[in-house]
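Novice: sequence-free structure coming up:
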Ligand SMILES: Nc1ncnc2c1ncn2[C@@H]1O[C@H](COP(=O)(O)OP(=O)(O)OP(=O)(O)O)[C@@H](O)[C@H]1O
Ligand SMILES: [Mg+2]
């Protein structure tokens, strides 16, 4: 359907181009009455070189100055205050694209970027009323229906749907940034809901607070596969939704980041011995399974099940070993006493229930085929029995191992995707909610978190080629790894009140957009500046709310204090949950 065309024949221009630099235009205003309708964020069409073309710009600043600069510092009394025609009204606007009334055979089009600079004295028109509707029509029509990802409505024209190019949004990583309570989780849920309407979506959401449990397919409006990293309460009788990540999935560095105390004098010896013993145990497993091909090429980092108790026994043996010396006298073996502390750390971790999802896993997780089923579960698209949207709840994972555990899951999935035949791969998106918790700025990271950063930075840099995208979500963009954020090509920036966070967001935006980003602290809840290559016009958008909402409702303190008393039973249950380290006791 061809859209209606913008036409400015019936109205006089608001002003004329006064000066131009690469991305900005300064407009001298002639119509002082019309200026009163202009707001920051409005659109201005500047007559292009030909009659068929307009350059589109977004208003960044509106100023009124007395044309007589001397009068500026004087307090004007009634007689001397400048009359409107003595005023110099100017608009500063940033160029965003080119509108063509006719593009070849087709109707009106809008393209990003201005391929010619506005000429001095060209007429400028405010895009409003029917022209705004016509222009917005072109924006949404430009994204073909099969790629359309509906985000919400434009703030400047609430009747116009804001549609992004779904391919481009996910292709080269995206980020959703905003202060707490600004609507990030709701936006994630809305995006998932949209993706779920496709035939074969494939999204894994890392949920740090268990707030997306409401999206599980057994809930009203729910549709997602829900899994929870097994907490201490799930070890004896794991639920069907309990997810274990057995120790053998961890590579050498990840394992050592949990077990090794690098300040120990014997740390290098311990690391070396542990590596050798693990390698031997992996070899034994493979020999037992008669997997000769794997035997000839596996490394200590290959995910092959091995018996951690056997590793411990072997280390204890080394730690206590006496050998026969040259003079036939018994002497201490090469590892004697060097591994004692490492063994106690290993034993402490093995028996700690909080680490049960790694070290106290059910029997079936030690089978060679188990990894296949894990990869299948996470990398499969929607089918009759399975949703393509998977939510992984990390809410009961101890914070000191959170970066390791998150990165192990991400790395395993990425590695499987990496080794898959190129034409068999389906694109996967990993949604990293609360990314500042496990993807911090490198200088703030400890050894384990640096491993996680390595994994995610690798995905951020190379993921595009393997169809593996990240959607980074954070309330503290200034605390999130710069490498990862700077790889993101699309941003949904919600309200951001903190100045440091605002500048972190501005630093990853194109320079010309810095003015638009100034409104970040003023945005309403659920309102965002969306920019990137997925959306033609960087715009302020009122985002859609999802049907299945996350469990992150903002409490109405004042109202609830007026209406609702506390629940003593619930407090008791909470104390018991705290003792059991499991939320599953709310009877
Ligand atoms: N699009 C929206 N329109 C209207 N209200 C919204 C919208 N999105 C979110 N809200 C409201 O804002 C509240 C907080 O939203 P949400 O949980 O998404 O915040 P958040 O940014 O994820 O916060 P946090 O960083 O603390 O996780 C919700 O209770 C919801 O009522
Ligand atoms: Mg949230």
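Specialist: Nice, thanks for sending it over. Note that this is a predicted model, so its numbers are computed, not measured. Ligands and ions are numbered 1, 2, ... in the order given.

Novice: and the residue of the chain found nearest ligand 2, what does it touch?
Specialist: In the chain, the residue found nearest to ligand 2 is residue 185; the distance is 3.2 Å by C-beta to the ion. For glycine as for every other residue, the C-beta is placed from the backbone atoms N, C-alpha and C. Contacts of residue 185 were listed using C-beta atoms under 8 Å, 6 or more residues apart in numbering, and they are 211-212, 433, 473, 550, 552.

Novice: please tabulate those in CSV, including the columns distance to ligand 1, pLDDT and neighbour count.
Specialist: Listed next are the contacts of residue 185 as CSV, based on distance: C-beta to the nearest ligand atom, whole Å; pLDDT from 0 to 100; neighbours: other C-beta atoms under 10 Å:
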residue, distance to ligand 1, pLDDT, neighbour count
211, 7, 93, 21
212, 10, 94, 29
433, 8, 95, 24
473, 8, 97, 25
550, 6, 93, 23
552, 3, 79, 16
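
Novice: so what's the residue of the stretch 451-587 of the chain found nearest ligand 1 closest to, chain neighbours aside?
Specialist: As assessed by C-beta to the nearest ligand atom, ligand 1 sits closest to residue 526 within the stretch 451-587 of the chain, at 2.4 Å. Leaving aside its sequence neighbours, residue 526 sits nearest to residue 183 (C-beta to C-beta, 6 or more residues apart in numbering; 4.1 Å).

Novice: give me the number of residues near the one you found?
Specialist: For residue 183, the count of nearby residues is 24 (other C-beta atoms under 10 Å).

Novice: tell me how the protein divides into domains.
Specialist: Taking automatic domain parsing as the criterion, the chain consists of the domains 15-142, 176-231+369-551, 252-345.

Novice: ranking these by burial, who's on top?
Specialist: domain 176-231+369-551 (a mean of 20; mean count of other C-beta atoms under 10 Å).

Novice: just the pLDDT for the nearest residue to residue 486 once chain neighbours are set aside.
Specialist: Spatially, and ignoring its direct neighbours in sequence, residue 486 is nearest to residue 508 (5.4 Å; C-beta to C-beta, 6+ apart). If you check residue 508, the pLDDT there is 84.

Novice: could you do residue 129 as well?
Specialist: Looking at residue 129, the pLDDT reads 87.

Novice: likewise residue 38?
Specialist: 89.

Novice: next: residue 543.
Specialist: Residue 543 is given a pLDDT of 96.

Novice: bridging residues for it?
Specialist: residue 152 (DSSP bridges).

Novice: show me the contacts for it.
Specialist: Applying C-beta under 8 Å, 6+ apart to residue 543 gives the contacts 151-152, 183, 186-187, 190, 492, 494, 526-528.

Novice: same question, residue 342
Specialist: Neighbours of residue 342 in contact, by C-beta under 8 Å, 6+ apart: 259-261, 264, 266, 270, 274, 315.

Novice: turn the residues you listed into JSON lines, including secondary structure and pLDDT.
Specialist: Putting the contacts of residue 342 into JSON lines (DSSP: H, G, I helix; E, B strand; the rest coil; pLDDT from 0 to 100) gives the following:
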{"residue": "259", "secondary structure": "helix", "pLDDT": "91"}
{"residue": "260", "secondary structure": "coil", "pLDDT": "90"}
{"residue": "261", "secondary structure": "coil", "pLDDT": "89"}
{"residue": "264", "secondary structure": "coil", "pLDDT": "88"}
{"residue": "266", "secondary structure": "coil", "pLDDT": "89"}
{"residue": "270", "secondary structure": "helix", "pLDDT": "93"}
{"residue": "274", "secondary structure": "helix", "pLDDT": "95"}
{"residue": "315", "secondary structure": "helix", "pLDDT": "94"}
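
Novice: would you reformat those as a markdown table and include distance to ligand 2?
Specialist: Listed next are the contacts of residue 342 as a markdown table, based on distance: C-beta to the ion, whole Å:
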| residue | distance to ligand 2 |
| --- | --- |
| 259 | 32 |
| 260 | 34 |
| 261 | 34 |
| 264 | 39 |
| 266 | 43 |
| 270 | 40 |
| 274 | 38 |
| 315 | 42 |
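
Novice: nearest to ligand 1 among those residues?
Specialist: Nearest to ligand 1 among these is residue 259, at 32.4 Å by C-beta to the nearest ligand atom.

Novice: if I read this right, the closest one contacts residue 345, doesn't it?
Specialist: Yes: at 5.5 Å, residue 259 counts as touching residue 345 under the criterion of C-beta atoms under 8 Å.

Novice: what does the pLDDT read for residue 75?
Specialist: Predicted confidence (pLDDT) for residue 75: 48.

Novice: same thing with residue 179?
Specialist: For residue 179, the pLDDT comes out at 94.

Novice: what's the helix or strand bottoming out on mean pLDDT in the chain packed up against?
Specialist: The helix or strand of the chain with the poorest confidence is helix 514-517; it has a mean of 77 (mean pLDDT, DSSP states H and E). Secondary-structure packing of helix 514-517 (3 or more C-beta pairs under 8 Å, 6 or more residues apart in numbering; DSSP states H and E): strand 53-66, strand 87-100, helix 499-507, strand 527-532.

Novice: any stretches of the protein with poor pLDDT?
Specialist: For the chain, applying pLDDT under 70 flags the ranges 1-3, 67-87, 103-105, 583-587.

Novice: enumerate the residues of it near ligand 2.
Specialist: 184-185 (C-beta under 5 Å from the ion).

Novice: bridging residues for the most centrally placed residue in the chain?
Specialist: Closest to where the C-alpha atoms of the chain average out (C-alpha atoms, centre = their mean) is residue 472, at 1.2 Å. Judged by DSSP bridges, the bridge partners of residue 472 are residue 175, residue 432.

Novice: that one and residue 430 touch, don't they?
Specialist: No: under the criterion of C-beta under 8 Å, residue 472 makes no contact with residue 430, lying 9.3 Å away.

Novice: residues in contact with stretch 10-28?
Specialist: Under C-beta under 8 Å, 6+ apart, the answer for stretch 10-28 is 29-31, 34-35, 38, 44, 46-47, 55, 57, 60, 88-95, 117-126, 511-512.

Novice: repeat that for 6 Å
Specialist: Residues from elsewhere that reach stretch 10-28, judged by C-beta atoms under 6 Å, 6 or more residues apart in numbering: 29-31, 34, 57, 90-95, 117-118, 120-126, 512.

Novice: check stretch 344-364 too.
Specialist: So stretch 344-364 is contacted by 229-230, 232, 235, 238, 244-247, 259, 312, 398 (C-beta under 6 Å, 6+ apart).

Novice: between those, which is closest to ligand 1?
Specialist: The closest of the contacts of stretch 344-364 to ligand 1 turns out to be residue 229 (C-beta to the nearest ligand atom; 18.9 Å).

Novice: who's in contact with the closest one?
Specialist: Residues near residue 229 by C-beta under 6 Å, 6+ apart: 243, 357, 394, 397.

Novice: what's the nearest residue to the second one if we skip its chain neighbours?
Specialist: Closest residue to residue 357 apart from its sequence neighbours, by C-beta to C-beta, 6+ apart: residue 230 at 4.3 Å.

Novice: for that neighbour, give its distance to residue 253.
Specialist: To residue 253, residue 230 is 23 Å away according to C-beta to C-beta, to the nearest Å.

Novice: and if you look at residue 446?
Specialist: Separation of residue 446 from residue 253 (C-beta to C-beta): 13 Å.

Novice: with residue 45 instead?
Specialist: 56 Å.

Novice: repeat that for residue 499.
Specialist: From residue 499 to residue 253 the distance is 37 Å (C-beta to C-beta).

Novice: now swap in residue 164 and tell me
Specialist: Using C-beta to C-beta, we find residue 164 at a distance of 38 Å from residue 253.

Novice: all strands for the stretch 1-150 of the chain, in order.
Specialist: Under the criterion DSSP state E, counting those that start in this stretch, strands of the stretch 1-150 of the chain are mapped to 15-20, 24-29, 43-47, 53-66, 87-100, 109-112, 123-126, 148-154.
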